[in-house]
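Peer 1: coordinates only, sequence not included:
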């Protein structure tokens, strides 16, 4: 096991025992290495998303340290797995948002330009987003024909 893995496991033990400084030590030891891991391991991740995912993994562990089982892996591996799953979801969400805006952004822009007041613009935007969501849902459904998905 690496020195980082050993230090993180030691901090985990202190966290379980109720140490007042263990959570701060965990942030100091794990945040930058987990961000670095995400930047290398997840294609398309932004630095901001990597930071957010690393923070969420660490905070999640601090809030529920009993979910980690040191017999199965090191805390380093556990934090990286949690953060990596969240990072992949963040990339997928950003790409999907970009795809929808590319496909329907012009319509949203036109619908919003008809409004004269800020309130009306927000209502137009809500309506446009609802239409886009409904279109995305209807286009993602599979059609069942003759017992086979198409």
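Peer 2: Ah, there it is. A quick note: this is a predicted structure, and the numbers were derived from the prediction, not measured.
Peer 1: Now do stretch 86-93, average pLDDT.
Peer 2: Computed over stretch 86-93, the mean pLDDT rounds to 94.
Peer 1: where does it sit relative to the chain's centre, distance-wise?
Peer 2: Computed by C-alpha atoms, centre = their mean, to the nearest Å, the separation of stretch 86-93 from the middle of its chain amounts to 5 Å.
Peer 1: Which residue ranges make up each domain of the protein?
Peer 2: 3-92, 95-142 (automatic domain parsing).
Peer 1: I'd like those laid out as TSV, including mean neighbour count.
Peer 2: (C-beta placed from N, C-alpha, C; glycine too.) As requested, these are exported to TSV (neighbours: other C-beta atoms under 10 Å):
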stretch	mean neighbour count
domain 3-92	16
domain 95-142	12
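Peer 1: Going by mean pLDDT, which of these comes out lowest?
Peer 2: domain 95-142 (a mean of 66).
Peer 1: Could you look up the next helix or strand downstream of the helix or strand in which residue 32 is found?
Peer 2: Assigned by DSSP states H and E, residue 32 belongs to helix 22-41. Per DSSP H and E, the first helix or strand lying C-terminal to helix 22-41 is helix 47-63.
Peer 1: The longest helix belonging to the chain packs against which elements?
Peer 2: Scanning the chain for the longest helix, with DSSP state H as the assignment, gives helix 75-113. Counting contacts by 3 or more C-beta pairs under 8 Å, 6 or more residues apart in numbering; DSSP states H and E, helix 75-113 packs against helix 3-16, helix 22-41, helix 47-63, helix 118-140.
Peer 1: Next, residue 42: phi, psi?
Peer 2: phi -120, psi 110 (degrees, to the nearest 10).
Peer 1: Am I right that it is in contact with residue 85?
Peer 2: No. Under the criterion of C-beta atoms under 8 Å, residue 42 is not in contact with residue 85, lying 9.7 Å apart.
Peer 1: rewinding a little: for residue 80, which of the helices and strands packed on helix 75-113 is the nearest?
Peer 2: Closest of the helices and strands packed on helix 75-113 to residue 80 is helix 22-41, at 5.2 Å (criterion: C-beta to C-beta).
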